[in-house]
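Participant: Pasting the sequence and the predicted coordinates here, then a few questions.
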Amino acid sequence: MEFQREGGVARIFLNRPQKVNALDSATLDALAAALQKVDEGIRVVVLGGHGKAFCAGADVNELRSLDPQTAREFIGRVHRACDAVRKLPMPVVARLHGAVIGAGLELAAACDLRVAATGTRFAMPEVRLGIPSVVEAALLPRLMGSGRAAWLVLTGEPIDAERAREWGLVESVADDVDRALSQVVDSLLAGDPAALRTQKALLQMWEEQPLAASVAASIERFGQAYTIPRAKATKEH
């Protein structure tokens, strides 16, 4: 795993290019450790992968070695890594290229925004390996709609970056993925840090809670924002 920090931006890269960044237990533990390095001074996190692809999914050699008990332990590691991404209080942007497959797609789905290079392929092929797509695959219907998510996890067929954008799986597709990513990061850095953290928390609440509860919590958070100097300054102007 590689961790870079420049100003208020942290960049975390899966760094197993010889295995197309396939996720084994050691890599998942290393990712969890890297996420713990993100401190209060970080305003935006970028998650990417070195080599020819973002992530080829779970390591097939480890998958072959699992039994019912170790399978639960392994998929628990996948969930904990994805959940740690979601629980970061600041926005997380996925930088996607090459292939985004299986557990790698679940990791991308756990991010707040996704920027993909032209030519990136996305797939959830687990059913072809005799196992279901689980854990953060549950985010896919929320991103894409139930029918499109069902198509991915039931057929195992890949989609290209343009279809992923049309379906709502990614927000941006570009030939120059780093330039597009930089524009997204700049847009996030232009926001008020406290307001962005509140907005991220609200977005997740809107996914998980009934409408009435979400609206009530939003009203409370809006009022709380006026205890922050910048919000007060906005009111005065």
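Facilitator: Now that the structure is in, tell me what you want to look at. Residues are numbered from 1 along each chain as shown.
Participant: tell me the secondary structure for the residue sitting nearest the centre point of the chain?
Facilitator: Nearest residue to the geometric centre of the chain (C-alpha atoms, centre = their mean): C111, 2.0 Å. Three-state assignment for C111 (DSSP: H, G, I helix; E, B strand; the rest coil): coil.
Participant: isn't it right up against L47?
Facilitator: Yes: between C111 and L47 there is a contact under C-beta atoms under 8 Å: 5.9 Å. C-beta: built from backbone N, CA, C; applies to glycine.
Participant: Tell me, how many residues neighbour G145?
Facilitator: 13 (other C-beta atoms under 10 Å).
Participant: give the contact list for it.
Facilitator: W167, G168 (C-beta atoms under 8 Å, 6 or more residues apart in numbering).
Participant: From E166, how far off is it?
Facilitator: 11 Å (C-beta to C-beta, to the nearest Å).
Participant: So the chain: which segments form each domain?
Facilitator: 2-189, 193-236 (automatic domain parsing).
Participant: Quick check: P125 touching I101?
Facilitator: Yes: look at P125 against I101 with C-beta under 8 Å: they come within range, at 6.7 Å.
Participant: Comparing the two, which residue is more hemmed in?
Facilitator: I101 (24 against 18).
Participant: quick revisit: mind telling me which of the domains of the chain the model trusts least?
Facilitator: Mean pLDDT is lowest for domain 193-236 among the domains of the chain, at a mean of 86.
Participant: From the chain's centroid, how far away is that domain?
Facilitator: Here domain 193-236 is found 22 Å from its chain centre; the criterion is C-alpha atoms, centre = their mean, to the nearest Å.
Participant: and if you look at stretch 177-188?
Facilitator: Distance, centroid of stretch 177-188 to centroid of chain: 16 Å (C-alpha atoms, centre = their mean).
Participant: Need the overlap of contacts for P125 and I101.
Facilitator: What both P125 and I101 touch, as defined by C-beta under 8 Å, 6+ apart, is the set G57.
Participant: mind checking how far the spatially closest residue to L107 that is not a sequence neighbour is from S218?
Facilitator: For L107, ignoring the flanking residues on the chain, the nearest one in space by C-beta to C-beta, 6 or more residues apart in numbering is C82 at 5.7 Å. Distance, C82 to S218, using C-beta to C-beta: 25 Å.
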